[in-house]
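S.K.: output the structure for:
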Amino acid sequence: MSKPAAPEAKNAATAHAAAAVSGRLPGQEPGQAQWAEIVQQLGAEIAGPLSTAMERIHNLVVTGQIDRQSLRSLRESVAQAREAGMLGQQLARLASGRLRLSNERLHLTQMLRGVLAHRSRETQARGIQVRQVLQAVEVMGDGSLLFALLNALMDWALASTHSSIDLRIDLSPWPTKARLVCRFAHRSLDLMEDPREMEPPPALNSLAWRLVEQTALTMGVLPLREDDSGITVLTLEFPHTVGDEPGQASAPNAPLPPAPSDPEDDDDGEHLPSQNSKPLAGSHVLIVSPRRELRSQLQDAVRHMGLMIDVVNTMDEAAQFCLEGLPHAIIFEAAQRNEGFEHLRADLLREVPEFCFVEVRDDEHLTQLSTATADSMARISRQHLHDALPSVLLFELSRSL
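M.R.: Numbering: from 1, shown residues only. A predicted model of the protein is given here:
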């Protein structure tokens, strides 16, 4: 058995190695200089793709023609800029200082498996194998932030790997802490020995990485990252672990830190959820409707929630959209409930049993959550969208956490 001091020494060394990437020592709060660096990086990751898109558009205006490859490049550039904007929105949420974190008992392993099941189509479409060795572990923390952290981790790893992704959940020997380890090759295997390729690629330190790092630190989870010989290993160390095995603590190993508070809310002593917390920020919603006015109304109703929104006209287009990756929810108008919808719904529920569907009706209809309907699907009247849709989505998407 390892001596008690050994893991701590190793962790300290690794933490300082991670500090070289993050620019901050473990436990040190991000300062203005680091946030300024993140803002600068955000501007670059938005401006770069948009400049490419503008060049394509200029060529289109001049020539009046655009080939398929240029059209694909234009679409990819716009998508990259949109993704960077969404990442910036989520980082701004973390930087706001107005988050109110809950301290819940969370099954880390089950939540990770749920995220992987939800993203299995995406990994298969990219040809990336995800290998898992997951010990059953529970931690204490905020459910929505942990869900966001796991999705951010997958976004970063999928964008950075050149082969497969290895995920492991286990417990450190002493002191007992939950660890989630993500390992992948950030360089192609045939370039591993090339001295010209020793520097880590820019994608490793992209905004996607910044979101992983800042979400982890906001939760009190220590991100320990090592990049060596073409291999990246990120260890997320959870200090507040719940253990059910003999000899382990049956409560968190250390007192939980107080939830960050908003000074504006402390005057009356009440602790209401911050309007700036956006617990669903970064979640992906697909709207299915051929009517532009309804699509606009749906987007306006949830615009403040920090969601990533895509729209399609029909269920056939929705099925095609879902082939390369699943959104977190599908909002559709009742007229689109046809045989194609039933096939799509059955297909998605086989993969993700708690997948969120919200049906929008034109007629007068009481707002119903999925727990109150025979087919376990939420329903809402179009005239209630502005007032009720955000609450419906918050409930339905939170069920999967």
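S.K.: quick one: the helices in the stretch 1-150 of the chain?
M.R.: Secondary structure of the stretch 1-150 of the chain (DSSP state H, counting those that start in this stretch): helices located at 5-22, 32-63, 68-95, 108-118, 120-125, 143-160.
S.K.: would you mark the buried spots in the last one?
M.R.: The neighbour-count check on helix 143-160 (16 or more other CB atoms under 10 Å) flags 143-158, 160 as buried. No exception for glycine: its C-beta is placed from N, CA and C like everyone else's.
S.K.: would you mind finding the most buried of the helices of the stretch 1-150 of the chain?
M.R.: helix 143-160 (a mean of 22; mean count of other CB atoms under 10 Å).
S.K.: elements contacting that one?
M.R.: Helices and strands touching helix 143-160, by 3 or more CB pairs under 8 Å, 6 or more residues apart in numbering; DSSP states H and E, are strand 104-107, helix 108-118, strand 178-185, helix 207-219, strand 231-238.
S.K.: again, only using 7 Å
M.R.: strand 104-107, helix 108-118, strand 178-185, helix 207-219 (3 or more CB pairs under 7 Å, 6 or more residues apart in numbering; DSSP states H and E).
S.K.: packing partners for the second one?
M.R.: The reference is to helix 108-118. By 3+ CB pairs under 7 Å, 6+ apart, helix 108-118 packs against strand 129-134, helix 143-160, strand 164-171.
S.K.: which one of these lies nearest to residue 292?
M.R.: Nearest of the helices and strands packed on helix 108-118 to residue 292, taken as CB to CB: helix 143-160 at 29.9 Å.
S.K.: which residues are contacting that closest one?
M.R.: Contact with helix 143-160 is made by 101-102, 104, 106, 111-112, 115, 119, 123, 126, 128, 165, 182, 184, 186, 203-204, 208-209, 211-212, 215-216, 218-219, 232, 279, 282, 401, as judged by CB atoms under 7 Å, 6 or more residues apart in numbering.
S.K.: can the helices and strands packed on helix 108-118 go into a markdown table with extra columns for distance to residue 72 and mean pLDDT?
M.R.: Output for these, formatted as a markdown table (distance: least, CB to CB, whole Å; pLDDT from 0 to 100):
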| stretch | distance to residue 72 | mean pLDDT |
| --- | --- | --- |
| strand 129-134 | 26 | 95 |
| helix 143-160 | 18 | 92 |
| strand 164-171 | 26 | 95 |
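S.K.: for residue 97, what are phi and psi?
M.R.: phi 80, psi 10 (degrees, to the nearest 10).
S.K.: Three-state assignment for residue 387, please.
M.R.: For residue 387, the assignment made with DSSP: H, G, I helix; E, B strand; the rest coil gives helix.
S.K.: show me which of the contacts of helix 143-160 are buried.
M.R.: Neighbour counting by 16+ other CB under 10 Å classes 101, 106, 111-112, 115, 119, 123, 128, 165, 182, 184, 186, 204, 208-209, 211-212, 215-216, 218-219, 232, 279, 282, 401 among these as buried.
S.K.: and stretch 348-355, how far from the chain's centre?
M.R.: Mean-position distance between stretch 348-355 and its chain equals 18 Å (CA atoms, centre = their mean, to the nearest Å).
S.K.: now do the buried residues in it.
M.R.: By 16+ other CB under 10 Å, the buried positions in stretch 348-355 come out as 348, 352, 355.
S.K.: isn't the last one right next to residue 346, touching?
M.R.: No - contact between residue 355 and residue 346 fails when scored by CB atoms under 7 Å: they sit 10.7 Å apart.
S.K.: picking up where we left off before, closest one to residue 72 among the helices and strands packed on helix 143-160?
M.R.: helix 207-219 (21.8 Å).
S.K.: can I get the closest one in PDB, CA atoms only?
M.R.: Output of helix 207-219 as PDB, limited to C-alpha atoms (Å, rounded to 0.1, in the frame of the first residue of the first chain):
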ATOM      1  CA  LEU A 207     -12.400  27.800 -25.400                       C
ATOM      2  CA  ALA A 208     -13.700  24.300 -25.000                       C
ATOM      3  CA  TRP A 209     -10.800  23.600 -22.600                       C
ATOM      4  CA  ARG A 210     -11.400  26.900 -20.800                       C
ATOM      5  CA  LEU A 211     -15.000  25.800 -20.200                       C
ATOM      6  CA  VAL A 212     -13.900  22.400 -18.800                       C
ATOM      7  CA  GLU A 213     -11.400  24.100 -16.500                       C
ATOM      8  CA  GLN A 214     -13.600  26.900 -15.200                       C
ATOM      9  CA  THR A 215     -16.700  24.700 -14.700                       C
ATOM     10  CA  ALA A 216     -14.500  22.300 -12.700                       C
ATOM     11  CA  LEU A 217     -13.000  25.100 -10.600                       C
ATOM     12  CA  THR A 218     -16.500  26.600  -9.900                       C
ATOM     13  CA  MET A 219     -17.600  23.200  -8.600                       C
END
